[in-house]
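S.K.: I'll drop the sequence and a predicted model, then ask my questions.
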Amino acid sequence: MIASRRDERSRICLGLVCLGLVCLGLVCLGLAGCERAPSIEIVGSYFPGWLVCLVVSLLLTALARWTLVRLEIELIAPIVVYPSLLAMFTFAQWLLLLR
């Protein structure tokens, strides 16, 4: 009976330690995002960096499509290729220009 109480107390203590570590991890993750977001000034207005990267990537994707059509290259699954190109251009710009 005494051993079962001791085991129960040790399980409770272990559970509280685990809960404390999880809470500490969540607080650290929450504080990691407390950095100023990159913004770009365009004609006196500030726009978020991701929005500018997205617009430029959309133009680059349209240019890639125009090039593929001009070279008469037919894609098997354009519904997958063009969003993938858009994402690739966006992430590449973000990593190269804003980080």
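M.R.: Thanks, I have it. Quick caveat, the model's predicted, so the values are computed rather than measured. Numbering: from 1, shown residues only.

S.K.: pretty sure L58 is in contact with P83, am I right?
M.R.: No. The criterion here is CB atoms under 8 Å, and L58 misses it with P83 at 10.8 Å. C-betas here are computed from N, CA, C, even on glycine.

S.K.: Comparing these two, which shows the higher neighbour count?
M.R.: A count of neighbours by other CB atoms under 10 Å puts L58 above the other of L58 and P83, at 14 against 11.

S.K.: Disregarding flanking residues, what is the spatial nearest neighbour of that one?
M.R.: Counting by CB to CB, 6 or more residues apart in numbering, L58 lies nearest to L86, which is 6.4 Å off, once chain neighbours are set aside.

S.K.: Number of residues surrounding the one you found?
M.R.: Under the neighbour criterion other CB under 10 Å, L86 is assigned a count of 17.

S.K.: That one contacts V55, correct?
M.R.: No. Distance between L86 and V55: 10.8 Å, which falls outside the contact criterion (CB under 8 Å).

S.K.: all helices for this structure, in order.
M.R.: Counting by DSSP state H, the chain has these helices, from start to end: 2-32, 49-70, 78-97.

S.K.: With just CA atoms, put the second one into PDB.
M.R.: Output in PDB follows, covering the C-alpha atoms of helix 49-70 (Å, rounded to 0.1, in the frame of the first residue of the first chain):
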ATOM      1  CA  GLY A  49       7.700  41.500 -47.600                       C
ATOM      2  CA  TRP A  50       5.800  38.400 -48.300                       C
ATOM      3  CA  LEU A  51       3.200  40.300 -50.400                       C
ATOM      4  CA  VAL A  52       5.900  41.900 -52.600                       C
ATOM      5  CA  CYS A  53       7.600  38.500 -53.000                       C
ATOM      6  CA  LEU A  54       4.200  36.900 -54.000                       C
ATOM      7  CA  VAL A  55       3.400  39.600 -56.600                       C
ATOM      8  CA  VAL A  56       6.900  39.400 -58.200                       C
ATOM      9  CA  SER A  57       6.600  35.600 -58.200                       C
ATOM     10  CA  LEU A  58       3.300  35.800 -59.900                       C
ATOM     11  CA  LEU A  59       4.900  37.800 -62.700                       C
ATOM     12  CA  LEU A  60       7.900  35.400 -62.900                       C
ATOM     13  CA  THR A  61       5.400  32.500 -63.200                       C
ATOM     14  CA  ALA A  62       3.600  34.200 -66.000                       C
ATOM     15  CA  LEU A  63       6.900  34.800 -67.700                       C
ATOM     16  CA  ALA A  64       7.800  31.100 -67.300                       C
ATOM     17  CA  ARG A  65       4.400  30.200 -68.800                       C
ATOM     18  CA  TRP A  66       4.900  32.500 -71.700                       C
ATOM     19  CA  THR A  67       8.400  31.000 -72.300                       C
ATOM     20  CA  LEU A  68       7.000  27.500 -72.200                       C
ATOM     21  CA  VAL A  69       4.200  28.400 -74.700                       C
ATOM     22  CA  ARG A  70       6.700  30.200 -76.900                       C
END
